[in-house]
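1. Dropping the sequence and predicted coords here.
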Amino acid sequence: MSEKKIIPLDSNTFPERNKANHNDELLLVNKRLAEQIEVRKKRAAELIIANKELAYQNKEKEKRAAELVVANTELAYQNQEKEDRAAELVIANTELAYQNNEKEKRADELSIANSELIFQNKEKEIRAAELVIANMELAYQNQEKEDRAAELLIANNELTFQNNEKEKRAAELIVANTELAYQNQEKEDRASELVIANKELTFQNKEKEIRAAELVIANMELAYQNQEKEDRAAELLIANNELTFQNNEKEKRAAELVIANTELAYQNQEKEDRASELVIANKELTFQNKEKEKRAVELLIANMELEYQNNEKEDRAAELIIANAELTFQNNEKEKRAAELILANNELEAFTYISSHHLQEPLRKIQVFSDRILTDEHHNLTEKGKYYFERIEVSAFHMQALINDLLNYSRTSVTEKKFEIVSLNEIVNNVLDNLKQEIKLKNAIIEISGDCKAYVISSQFAQLIHNLLSNSLKFSKKGETPRIIIKSIYTKPKTKNLPSSADYCHITISDNGIGFDPQFESRVFEMFQQLNNKNDYKGTGIGLAIVKKIVENHNGIIKATGKLGKGAKFDIYIPVV
């Protein structure tokens with residue numbers, strides 16, 4: 001770090017140049033601060049205008065969108081009506097054709113059903129005759145089977161008898177052979193008998209074989225007849241089942257025929273009803289055709305209107321695109337302005353910090369050194385030097401007041417906003433205690449009426465009351481007792497400028513001081529605005545700016561009214577909640 005050079009002051013010289021530089025720097029700082037505040041106000045006004053224009057464009061956009069939705073809905077409804085009428089006409093024609101086809105089908109089905117019923121009756125009679133013949137044939141076959149069974153039994157008995165006879169004959173043959181051997185002499189007699197016996201035996205064997213073949217054939221025929229009997233029994237069972245089924249079918253067909261006749265009668269009635277409906281439908285169709293033609297004309301008009309609306313829609317869409325582009329541009333500009341505003345606020349806060357801290361140190365040194373010079377070197381100074389040093393002390397005091405006011409102004413934005421329900425008269429009484437010396441010095445009369453409780457920041461609201469009462473005391477008329485009236489009442493919002501519809505506390509502070517020209521009513525709250533001679537009324541021009549900032553922090557408004565020589569009046573509206 002470079003060493004600072006301290007140049008000793010000559011007791012016989014006065015640093016006019018340093019004083020001029022300090023005054024120039026202070027003036028430059030004030031101008032810069034005023035310019036930044038003016039730029040900030042312009043930016044805020046532009047931002048408010050941009051927000052209003054953006055809200056208006058959004059409302060226009062919503063209106064256009066709503067109109068477009070209504071037009072599309074109406075067009076869709078008309079198209080749907082047209083399609084519904086066309087569909088109803090097609091359905092009516094289709095239903096008419098379907099009913100005619102159904103009528104023809106039912107007539108054909110009725111003819112087929114009658115023919116089939118006649119055929120089934122004939123078939124039933126034929127089956128009944130066949131069943132009678134089958135039953136008779138079955139009874140005959142059963143009788144034949146019984147006869148064959150009896151014959152087979154007789155044949156078996158005869159075969160058994162013949163076998164027994166054969167055995168007997170064989171035994172007799174053995175006996176005869178033995179006897180033949182024994183009785184050779186009777187051979188000749190018996191030879192003839194034997195020849196006769198052999199012939200008879202041969203005949204019997206042939207008869208036996210024939211009977212055996214007949215028995216086999218009878219067995220086969222009996223088995224065949226049994227099989228035939230079983231087949232006939234199965235056929236008879238099937239025929240009985242089929243006859244039962246046919247009887248059931250006949251009853252069903254009879255029931256179906258009754259139902260068909262009933263349905264045919266119903267269909268004829270339906271046909272007549274449909275015919276009458278068809279007549280009505282034709283009339284309605286004619287009416288609908290006329291309506292359709294009207295609708296077609298309306299549709300043509302609607303199409304033309306739709307085309308016009310589509311063109312309007314395209315125009316609106318183009319306008320909307322342009323509006324969106326403009327809105328995007330405005331949003332970007334708004335963001336830029338907001339960023340610039342934040343930057344300006346940061347610069348302002350930094351500048352205020354510098355003003356309230358960095359400027360106080362050299363100012364305190366100026367005050368200390370000037371006080372020491374006036375104390376220690378008072379006898380060495382000329383009258384002119386003493387005057388200059390007195391002016392330095394006055395300027396330093398003014399600079400100190402200006403820095404303190406700037407610090408108070410910045411604190412209204414950066415301090416913690418702790419709201420609480422407070423009685424305003426309590427705050428007013430505390431401020432009056434702090435201003436007790438000034439009030440006593442001026443012999444001022446303070447009148448308080450009403451008492452509101454509002455949701456406020458106590459410290460800031462005390463600063464607001466202090467600044468307004470100090471102004472009333474400071475700008476009082478010479479030779480006249482100051483009279484300050486403080487009123488507070490609850491009220492409803494009666495102006496569009498109020499940001500809320502809730503109850504407000506209306507605070508009025510009026511005095512009988514020097515007042516001000518009504519043309520300056522909107523300027524009294526601006527920074528560094530001093531409407532009176534600085535030599536007669538000392539001040540920094542920041543007190544009322546601090547008041548307005550505090551009111552804005554409470555979402556309220558403040559208005560000032562006054563007349564020269566007749567005092568001033570301040571109306572403050574603060575939301576109760």
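-> Perfect, thanks for sending it. Numbering: from 1, shown residues only.
2. The stretch 251-400 of the chain: helices as residue ranges?
-> In the stretch 251-400 of the chain, the helices defined using DSSP state H, counting those that start in this stretch lie at 360-376, 383-414.
3. Now the shortest one: buried residues?
-> Just to be clear, that refers to helix 360-376. Within helix 360-376, the residues that count as buried by 16 or more other C-beta atoms under 10 Å are Leu363, Ile366, Gln367, Ser370, Ile373, Leu374. Backbone N, C-alpha and C define where each C-beta goes, glycine included.
4. Might you calculate how far that helix sits from the centre of the chain?
-> Put simply, helix 360-376 sits 73 Å off its chain's centre (C-alpha atoms, centre = their mean, to the nearest Å).
5. other SSEs contacting it?
-> Contacts defined by 3 or more C-beta pairs under 8 Å, 6 or more residues apart in numbering; DSSP states H and E place helix 360-376 against helix 383-414.
6. re earlier: which among the helices of the stretch 251-400 of the chain is found nearest to Ile154?
-> Of all these, helix 383-414 sits nearest to Ile154, with 144.9 Å by C-beta to C-beta.
7. Residues touching the very next helix or strand once past the closest one, excluding its own?
-> Using DSSP states H and E, the next helix or strand after helix 383-414 towards the C-terminus is strand 420-423. Here strand 420-423 makes contact (C-beta atoms under 8 Å, 6 or more residues apart in numbering) with Asp451, Cys452, Lys453, Ala454, Tyr455, Val456, Ile457, Ser458, Phe461.
8. 7 Å instead?
-> Strand 420-423 is contacted from outside by Asp451, Lys453, Ala454, Tyr455, Val456, Ser458, using C-beta atoms under 7 Å, 6 or more residues apart in numbering.
9. Same question for stretch 204-220.
-> Arg148, Glu151, Leu152, Ala155, Glu158, Leu159, Gln162.
10. re the thing from before, just so I know, which of the helices of the stretch 251-400 of the chain lies nearest Leu306?
-> Short answer: helix 383-414, nearest of those by C-beta to C-beta, at 57.1 Å.
11. average pLDDT for the closest one?
-> Averaged across helix 383-414, pLDDT comes to 74.
12. thinking again about what came up before, among the contacts of strand 420-423, which ones are buried?
-> Among the contacts of strand 420-423, those classed as buried by 16+ other C-beta under 10 Å are Ala454, Val456.
13. taking the contacts of strand 420-423 one by one, which sit in helices?
-> Using DSSP state H, the subset of these located in helices is Ser458.
14. In TSV, list the helices of the stretch 251-400 of the chain along with distance to Arg232.
-> Formatted as TSV, the helices of the stretch 251-400 of the chain follow (distance: least, C-beta to C-beta, whole Å):
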stretch	distance to Arg232
helix 360-376	140
helix 383-414	123
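15. Among the ones you listed, which comes closest to Lys283?
-> Once those are compared by C-beta to C-beta, helix 383-414 is nearest, at 83.4 Å.
16. could you check the distance from Val431 over to Glu312?
-> 64 Å (C-beta to C-beta, to the nearest Å).
17. Neighbour count: those two, which is higher?
-> More crowded of Val431 and Glu312, by other C-beta atoms under 10 Å: Val431, with 20 against 16.
18. what helix or strand does the more buried one sit in?
-> Under the criterion of DSSP H and E, Val431 resides in helix 424-434.
19. Which strands or helices does that helix pack on?
-> For helix 424-434, the elements it packs on are strand 445-449, helix 458-474, judged by 3 or more C-beta pairs under 7 Å, 6 or more residues apart in numbering; DSSP states H and E.
20. Follow the chain on from the last one and name the next helix or strand.
-> Right, helix 458-474. Using DSSP H and E, the helix or strand that follows helix 458-474 in sequence is strand 483-491.
21. Can you check what angle separates that next one from helix 424-434?
-> Between strand 483-491 and helix 424-434, the angle comes out at 160 degrees (axes from the mean of the first three to the mean of the last three C-alpha atoms, to 10 degrees).
22. which phi and psi does Phe475 have?
-> Reported as degrees, to the nearest 10, the phi and psi values for Phe475 are phi -100, psi 30.
23. Can you list the buried residues in stretch 564-573?
-> Judged by neighbour count (16+ other C-beta under 10 Å), stretch 564-573 contains these buried residues: Gly567, Ala568, Lys569, Phe570, Ile572, Tyr573.
24. Confirm the fourth one sits in a strand?
-> Yes: counting by DSSP: H, G, I helix; E, B strand; the rest coil, one finds Phe570 located in a strand.
25. Once you drop chain neighbours, what's closest to it?
-> Excluding the flanking residues, the one nearest Phe570 by C-beta to C-beta, 6 or more residues apart in numbering is Ile509, at 4.8 Å.
26. again, but for the fifth one
-> Closest residue to Ile572 in three dimensions, ignoring its sequence neighbours and counting by C-beta to C-beta, 6+ apart: Ile507, at 4.3 Å.
27. With the third one instead?
-> Setting aside the residues directly before and after it, Lys569 is nearest to Ser510 in space (C-beta to C-beta, 6+ apart), at 4.1 Å.
28. So that neighbour versus Val431, what's the distance?
-> Ser510 is 16 Å from Val431, where distance means C-beta to C-beta.
29. picking that back up, which pLDDT value belongs to the residue nearest to Lys569?
-> At Ser510, the pLDDT recorded in the model is 91.
30. Thought Lys566 was touching it, still the case?
-> No: using C-beta atoms under 7 Å, Ser510 is not in contact with Lys566; the gap is 10.3 Å.
31. How about Leu299: what's its closest non-neighbour residue?
-> Excluding the flanking residues, the one nearest Leu299 by C-beta to C-beta, 6+ apart is Lys82, at 6.1 Å.
32. Are we agreed that that neighbour is in a strand?
-> No: read with three-state DSSP, Lys82 is helix and lies in no strand.
33. out of the helices and strands packed on helix 424-434, nearest to Ala233?
-> Between these, helix 458-474 lies closest to Ala233; by C-beta to C-beta that is 122.2 Å.
34. Just the CA atoms of the closest one, as PDB, please.
-> What follows is helix 458-474 as a C-alpha-only set of coordinates in PDB (Å, rounded to 0.1, in the frame of the first residue of the first chain):
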ATOM      1  CA  SER A 458     -44.200   0.400  14.400                       C
ATOM      2  CA  SER A 459     -40.700   1.900  13.900                       C
ATOM      3  CA  GLN A 460     -41.500   3.100  10.300                       C
ATOM      4  CA  PHE A 461     -44.800   4.500  11.200                       C
ATOM      5  CA  ALA A 462     -43.300   6.400  14.100                       C
ATOM      6  CA  GLN A 463     -40.700   7.800  11.600                       C
ATOM      7  CA  LEU A 464     -43.700   8.900   9.300                       C
ATOM      8  CA  ILE A 465     -45.500  10.700  12.100                       C
ATOM      9  CA  HIS A 466     -42.200  12.300  13.300                       C
ATOM     10  CA  ASN A 467     -41.400  13.700   9.800                       C
ATOM     11  CA  LEU A 468     -44.900  15.100   9.200                       C
ATOM     12  CA  LEU A 469     -45.100  16.800  12.700                       C
ATOM     13  CA  SER A 470     -41.500  18.100  12.300                       C
ATOM     14  CA  ASN A 471     -42.500  19.600   9.000                       C
ATOM     15  CA  SER A 472     -45.600  21.200  10.500                       C
ATOM     16  CA  LEU A 473     -43.500  22.700  13.300                       C
ATOM     17  CA  LYS A 474     -40.800  23.800  11.000                       C
END
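35. in it, what's buried?
-> For helix 458-474, burial by neighbour count (16+ other C-beta under 10 Å) applies to 460-474.
36. now the angle between helix 424-434 and that helix, please.
-> 60 degrees.
37. tell me the mean pLDDT for helix 458-474?
-> Averaged over helix 458-474, pLDDT sits at 87.
38. Give me the outermost residue of this protein relative to its centroid.
-> What lies farthest from the middle of the chain is Gln185; by C-alpha atoms, centre = their mean that is 142.1 Å.
39. picking up where we left off before, quickly name whichever of the contacts of strand 420-423 is closest to Gln288.
-> Nearest to Gln288 among the contacts of strand 420-423, with distances taken as C-beta to C-beta, is Tyr455, at 70.4 Å.
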